[in-house]
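>>> Below are the sequence and a predicted model; questions follow.
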Amino acid sequence: MKEKKKKTIDDWIMAVLALIFALVSFNLVFIVIKKNNYKLPVDLVIASVLEEDVKDSLHIEKPEFVKGIYLTAYTAGTRRLDDLIDFVKQNDLNAMVIDLKGPNGEPAFHFTNEKLIKYNTDRELYNPKEVLDKLHKAGIYVIGRTFVFQDPYMVRAEPSFALKNINGGNWTDYRGVSWLDPTSLDVWQYNVNMAVDAYEQGFDEIQFDYIRFPSDGNLKAIKYVGWDGTTPKELEIEKFFAYISKILRRKGVKTSADLFGLVCCYNNYDLGIGQVLERALPYFDFISPMMYPSHYSDGFIGYSNPAEHPYGVVKYSMDKANEKVEILQASATSTPLGGLRPWIQDFDLGAYYNTFEVNEQIRAVDEANGEGFLIWNARNVYTPLK
């Protein structure tokens, strides 16, 4: 009888402790996002608490200033990888950004998480262990890039994840590309699980791209699972930021976010896609605005062709971004803000880009106290910097 009574008391104590832990976890999330005038649903908090701890794996320390280039998953799996390692070393760079997915969203390699294994394809575009070991031995910091909400592969694999058309079927943009629903918790969990898996396999940082609402197509025909259109898109995207930050920061996973370059230059405008710089800064270790001069419209800050002014466009964008950071830092919050590490252009669009044009962008980033830079060329063909 006494043993049964003792067991009942022990069970009661454990239940109370569990409740206290859950309440503390909820309050921590609430404190972080209270300033934005919304609360996350309780199930988001519970999901973050129940995630398993990250397994130990080999990572290298982040350089003080990350200076890198982009590689597709295909390139990472070819002999060109060795040539690009040489390029990185010869040009005083120290990082590579490599896709975690193939061009249609399929996993670029085999995931090991039991929740993800069913999505693996028959072949790997590259062997992550071999690639990461080679890069780490060369002292190269490796960032795994994932494009989040534009993912036709997952639309086919999990139709319930897809944006729906109010007239039936899946919604597609003007190019016929299908998207995942940016307001779906299932989509959020899939991407977090993938980020954790990639980190466990040795990627030093996870970078999130296409973290936005669609920008073209018949937007009025979209049916969302978790959004009725009454709240601003920027708040819905920030909920996703808060969710992944809650989980990945607790696990020690470094994260970064790719945003449109124009988010640095506008106040109180989300570009119609839910991206606002101030609403991303508290949730990531680094923010990488895509400051490609060719992507700014003619007439931007008086330039008839912004692509011909690589220094001016990037310097202006960085300065405006720094102003936003300073305002947030001056506000009453202890939340750390992500460092600015922009994407810069190394491709011919609007103007011819060679060593001078690429270095002019780097000079602008350095003068604006950026925390490094990432160089983009979709074909992974890069201009020597010297």
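Sure thing, it's come through. For clarity, every value in this text was computed on a predicted model and none was experimentally measured.

>>> and residue 67, how many neighbours?
Residue 67 has 20 neighbours, counted by other C-beta atoms under 10 Å. In this view, the C-beta of every residue, glycine as well, is placed from N, C-alpha and C.

>>> three-state assignment of it?
Following DSSP: H, G, I helix; E, B strand; the rest coil, we place residue 67 in the strand state.

>>> what ranges do the strands span in the stretch 251-386 of the chain?
255-260, 286-290, 339-340, 343-345, 372-376 (DSSP state E, counting those that start in this stretch).

>>> for those strands, which one sits closest to residue 73?
Residue 73 sits nearest to strand 372-376 of all the strands of the stretch 251-386 of the chain, at 15.4 Å, using C-beta to C-beta.

>>> Just the residues contacting that closest one, thanks.
63, 65-70, 95, 97, 288, 290, 292, 341-347, 358, 361-362, 365, 382 (C-beta atoms under 8 Å, 6 or more residues apart in numbering).

>>> that older thread, okay, the strands of the stretch 251-386 of the chain in a markdown table with distance to residue 124, mean neighbour count and mean pLDDT next?
Below are the strands of the stretch 251-386 of the chain laid out as a markdown table (distance: least, C-beta to C-beta, whole Å; neighbours: other C-beta atoms under 10 Å; pLDDT from 0 to 100):
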| stretch | distance to residue 124 | mean neighbour count | mean pLDDT |
| --- | --- | --- | --- |
| strand 255-260 | 24 | 23 | 98 |
| strand 286-290 | 26 | 24 | 98 |
| strand 339-340 | 32 | 22 | 98 |
| strand 343-345 | 26 | 25 | 98 |
| strand 372-376 | 24 | 23 | 98 |
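
>>> Where do the helices of the stretch 101-250 of the chain begin and end?
Taking DSSP state H, counting those that start in this stretch, the helices of the stretch 101-250 of the chain run over residues 128-137, 152-157, 185-200, 233-250.

>>> I'd like the strands of the stretch 251-386 of the chain laid out as JSON lines, including distance to residue 202.
Formatted as JSON lines, the strands of the stretch 251-386 of the chain follow (distance: least, C-beta to C-beta, whole Å):
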{"stretch": "strand 255-260", "distance to residue 202": "16"}
{"stretch": "strand 286-290", "distance to residue 202": "19"}
{"stretch": "strand 339-340", "distance to residue 202": "23"}
{"stretch": "strand 343-345", "distance to residue 202": "23"}
{"stretch": "strand 372-376", "distance to residue 202": "19"}
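
>>> Show me the one of those that comes nearest residue 154.
Of all the strands of the stretch 251-386 of the chain, strand 255-260 sits nearest to residue 154, with 18.5 Å by C-beta to C-beta.

>>> Tell me the strands beside the closest one, with direction?
strand 205-209 (parallel), strand 286-290 (parallel) (DSSP bridges).

>>> which intervals of this protein have sub-threshold pLDDT?
Along the chain, the parts satisfying pLDDT under 70 run over 1-57, 332-334.

>>> one more time with 90, if that's ok
Low-confidence segments of the chain, defined by pLDDT under 90, are located at 1-58, 268, 331-336.

>>> follow-up on the earlier one: for the helices of the stretch 101-250 of the chain, which one sits closest to residue 327?
Evaluated with C-beta to C-beta, the helices of the stretch 101-250 of the chain place helix 233-250 nearest to residue 327, the distance being 16.5 Å.

>>> tell me which residues of the closest one are tucked away?
233-248 (16 or more other C-beta atoms under 10 Å).

>>> Measure how it sits relative to strand 255-260, angle-wise.
For helix 233-250 against strand 255-260, the angle by axes from the mean of the first three to the mean of the last three C-alpha atoms, to 10 degrees is 160 degrees.

>>> now the residue nearest to residue 115 when sequence neighbours are not counted: how far from residue 313?
Distances taken as C-beta to C-beta, 6 or more residues apart in numbering place residue 193 nearest to residue 115, at 5.2 Å, with adjacent residues excluded. Separation of residue 193 from residue 313 (C-beta to C-beta, to the nearest Å): 37 Å.

>>> Repeat that for residue 215.
Distance of residue 215 to residue 313, given as C-beta to C-beta: 21 Å.

>>> Pairing-wise in the sheet, spell out the partners of the residue positioned nearest the centre of the chain.
In the chain, the centroid-proximal residue (C-alpha atoms, centre = their mean) is residue 208; its distance is 1.5 Å. Residue 208 has these beta-bridge partners by DSSP bridges: residue 146, residue 257.

>>> how about stretch 137-156: buried residues?
Those would be 140-155, for stretch 137-156 by 16+ other C-beta under 10 Å.

>>> Show me the strands in the stretch 51-200 of the chain, by range?
Using DSSP E, counting those that start in this stretch, the strands of the stretch 51-200 of the chain run over 66-71, 95-99, 141-147, 164-165.

>>> Let me know which of the ones you listed is the nearest to residue 255.
That would be, of these and by C-beta to C-beta, strand 141-147, which comes in at 9.8 Å.

>>> From the contact counts, what lies against that closest one?
strand 66-71, strand 95-99, helix 128-137, helix 185-200, strand 205-209 (3 or more C-beta pairs under 8 Å, 6 or more residues apart in numbering; DSSP states H and E).

>>> go with 6 Å
Judged by 3 or more C-beta pairs under 6 Å, 6 or more residues apart in numbering; DSSP states H and E, strand 141-147 is in contact with strand 95-99, strand 205-209.

>>> right, and these - which one's nearest residue 226?
strand 205-209 (18.4 Å).

>>> starting at the chain centroid, how far to the closest one?
4 Å (C-alpha atoms, centre = their mean, to the nearest Å).

>>> go on, stretch 79-95?
23 Å.
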